[in-house]
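Colleague: A predicted structure for the sequence below; I have some questions about it.
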Amino acid sequence: MPVIYFLSRQNYNLFHSLADGASIVIAASAFMIIWNSRARVDNNYFLYTGIAFLFFAFLDLMHLLGNKNMGVFPEYGNLGPTFYIASRYVLSISLLIAPFFISRKLNTTLMFAGYSLVTLLILLSIFHWQIFPACIVEGLGLTPFKVVSDYIICLILLGAMGLLLINRQAFDSRVLWIIVFSIILSIATGLTFTLYTDPFGVTNMGGHLFQIASFYLVYLAFIETSLTKPQEILFRKLKQNEEKLTLNLQQLDQANAELNQEIAVRKRAEVELRRQREWFQVTLSSIGDAVIATDAAGRITFMNAVAEALTGWTLPDASQIPVKNVFHIIDEETHREVESPVARVFREGVVVNLANNTLLVRKDGTEVPIDDSVAPIRDQDGETLGVVLIFRDIIERKQAERSQAEHAAKLEEINKELESFSYSVSHDLRAPLRAIIGYAQMILKKQAEGFDEEARRWVQMIKDNAERMGRLIDDLLAFSRLGRQELAKRSLDMEELIGEVWQELLAINPDRDLSLKISRMAAASGDQALIRQVYGNLLGNAVKFTQGRTGALIEAGSCIQDGREVYYVRDNGIGFDMKLYGKLFGVFQRLHDEEEYKGTGIGLSLVQRIIHRHGGKIWADGKVDEGAAFYFTLPQEENRSIIDEK
């Protein structure tokens, strides 16, 4: 038979040589083709496999020469299967690695060096160290190592094919499937050679034919890629670049749109910020207090007109010098310079309240008493951007306090004088007063017997004035007793005390539509009878001075000022002129001449003396036709209760 004849011992070496020689020539040719046209290859998969095939071809040549029948290495036995397994490992592993170099840069020098080293180690392990496992044993056939290696190589080739299909977008479709079928044929080669039993058998011939076909497909793929497909590759690359460019342009357009939107948002934010700054400056410029603002470096950036007038500096001049030279303050008592509150705010980041004894040294050297506070300006992250100083001239208040102190001293002198004759005078005055009031009442009872209206009015005036004199005597006696009597201090429920006084006022003013608003009220310590007298005078005055006014409003409560509990009584009555403040707490001093507003002339003096006897202070504020407010302090209970606004 022709096949048997073809595979006869005499022709085996010739067929084996032709088959291995063909695979070597194809592999070497494929490498040369891809190497010469590497500039036209669109990925490094082909360049990598081309270099790998060159070293595979060398090991396959050693496979041919190592066959026992070739007689090249007689002292080493049959090395053909050994070099076959070695070359197949190099080929399969190279195909598995190749997909990773599709889009990566390939250093051909380093690759040649690596494959040369691997080939050298294989040769040394076979010829010098003789540690490479045997693949065939004479008389027994293939070793387990050789059979297992064929299966492992087939699995590696399957992995290589899988990676190739995963990266199929990097290949021309026809070239991709040529390479896939080449790998399939290479797997068939390995599986066929696992059945190898006779070098002259059909499996041996079939394995070599599969190998030749596999390498031919590799050769064809390289031809397609390097010679017949470069134009298609070029167009594909151009198309891919065009798609990338289109995508980049779309992304650029989107980025431009987002940037324009962000610019528009920032412009709106800048307009809003500018509007807020303008509003802020207008607001600060219109308030009655002096305002100075600085930046984070402590330079003055804003001064309203009040600040310029009070300090004597203009903003252009003040912005060129340290803020401590503009806001130069000293202690009123010692006349020593006080630590700059601006520096303290920057150092500690807290609000600094200026003491009442602080003097501002103006640009011309004059001194003005001031008070108020310095606070940090912070951003949303809590960083200090500067400070703002808000202060006011309190020279009028200082003058009022001094005037009040002077009048208090005069009042004390008057009190001492009154004490010496008050009791005797009160006895001498009360006797005729009682007679006058008694007779006036008897006359009023007789008015039905023929008195005319004018006569009745005269008698009523006699009675009213006599009663007013009686109240004056009571106030004088109370005023004189304050200097001698001991205070019966106790814890006071201020809301309850005010409520009792208010009920009495409602009872004696039944024709008035009166209401009292009690706000936050803290408990205090004091003489209940005397504090009751204080509220009787203050609330009584509020009732009196709001009569005839629409929408009369009377308030009582307490609040915190400068760390102290301050009690107050306010009304929206006829008020008083602050120019007359010095007369306010004086004995027999009247601020209003109208008959309906007249009193004994000693009520507020009595209130002031009661507050002073308790160790407190009292002051007032008022404006003509806008009402008056009286403030005073009292000793506090340690565990004081606070009544919320009703």
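Modeller: Here it is on my side, so go on. Residues are numbered from 1 along each chain as shown.

Colleague: tell me the phi and psi of residue 78?
Modeller: Dihedral angles of residue 78 (phi, psi; degrees, to the nearest 10) stand at phi -90, psi 100.

Colleague: my bad, residue 391
Modeller: phi -150, psi 160.

Colleague: residue contacts, it?
Modeller: Counting by Cβ atoms under 8 Å, 6 or more residues apart in numbering, residue 391 touches 289-290, 310, 354, 360, 370-373. C-betas here are computed from N, CA, C, even on glycine.

Colleague: and the two most separated of the residues you listed?
Modeller: 310 and 373 (15.4 Å; Cβ to Cβ).

Colleague: what is the nearest of the contacts of residue 391 to residue 117?
Modeller: Nearest member of the contacts of residue 391 to residue 117, counting by Cβ to Cβ, is residue 373, at 81.9 Å.

Colleague: surely that closest one and residue 390 touch.
Modeller: Yes. Look at residue 373 against residue 390 with Cβ atoms under 8 Å: they come within range, at 6.2 Å.

Colleague: these two: who's more crowded?
Modeller: residue 390 (18 against 14; other Cβ atoms under 10 Å).

Colleague: wasn't the more buried one part of a strand?
Modeller: Yes. Under DSSP: H, G, I helix; E, B strand; the rest coil, residue 390 falls within a strand.

Colleague: just the contacts of residue 391: which are in strands?
Modeller: Among those, the members falling in strands (DSSP state E) are 290, 354, 360, 370-373.

Colleague: pull out the buried members of those.
Modeller: Neighbour counting by 16 or more other Cβ atoms under 10 Å classes 290, 354, 360, 370-372 among the ones in strands among the contacts of residue 391 as buried.

Colleague: make JSON lines from the residues you listed and add pLDDT and distance to residue 66 to it.
Modeller: Shown next, in JSON lines, are those (pLDDT from 0 to 100; distance: Cβ to Cβ, whole Å):
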{"residue": "290", "pLDDT": "87", "distance to residue 66": "106"}
{"residue": "354", "pLDDT": "66", "distance to residue 66": "105"}
{"residue": "360", "pLDDT": "86", "distance to residue 66": "109"}
{"residue": "370", "pLDDT": "84", "distance to residue 66": "109"}
{"residue": "371", "pLDDT": "79", "distance to residue 66": "109"}
{"residue": "372", "pLDDT": "73", "distance to residue 66": "105"}
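
Colleague: just give me the closest of those to residue 577.
Modeller: Looking across these and measuring by Cβ to Cβ, the closest to residue 577 is residue 371, at 23.6 Å.

Colleague: ok, that closest one touching residue 392?
Modeller: Yes. Using Cβ under 8 Å, residue 371 is in contact with residue 392, at 6.8 Å.

Colleague: that older thread, so which of the contacts of residue 391 is the closest to residue 90?
Modeller: Distances from residue 90 to those, taken by Cβ to Cβ, are shortest for residue 373, at 86.1 Å.

Colleague: give me the neighbour count for the residue lying closest to the closest one once chain neighbours are set aside.
Modeller: Counting by Cβ to Cβ, 6 or more residues apart in numbering, residue 353 is the residue found nearest to residue 373 once chain neighbours are left out, at 4.8 Å. For residue 353, the neighbour count with other Cβ under 10 Å is 14.

Colleague: now residue 116
Modeller: Count around residue 116 with other Cβ under 10 Å applied: 12.

Colleague: hmm, back to that, can I get the buried ones among the ones in strands among the contacts of residue 391 in TSV with distance to residue 98?
Modeller: Shown next, in TSV, are those (distance: Cβ to Cβ, whole Å):
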residue	distance to residue 98
290	82
354	82
360	86
370	86
371	86
372	82
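
Colleague: quick one, what contacts the most centrally placed residue in the chain?
Modeller: Taking Cα atoms, centre = their mean, the centroid of the chain lies closest to residue 381, which sits 5.1 Å from it. By Cβ under 8 Å, 6+ apart, no residues touch residue 381.

Colleague: and the gap between it and residue 269?
Modeller: 17 Å (Cβ to Cβ, to the nearest Å).

Colleague: burial count for residue 270?
Modeller: So residue 270, with other Cβ under 10 Å, has 10 neighbours.

Colleague: which residues does stretch 521-528 contact?
Modeller: Contacts for stretch 521-528 (Cβ under 8 Å, 6+ apart): 487-495, 497-498, 531, 556-558, 565, 567, 610, 614, 634-637, 640-643.

Colleague: buried subset of those?
Modeller: 492, 494-495, 497-498, 531, 556-558, 565, 567, 610, 614, 634, 640, 643.
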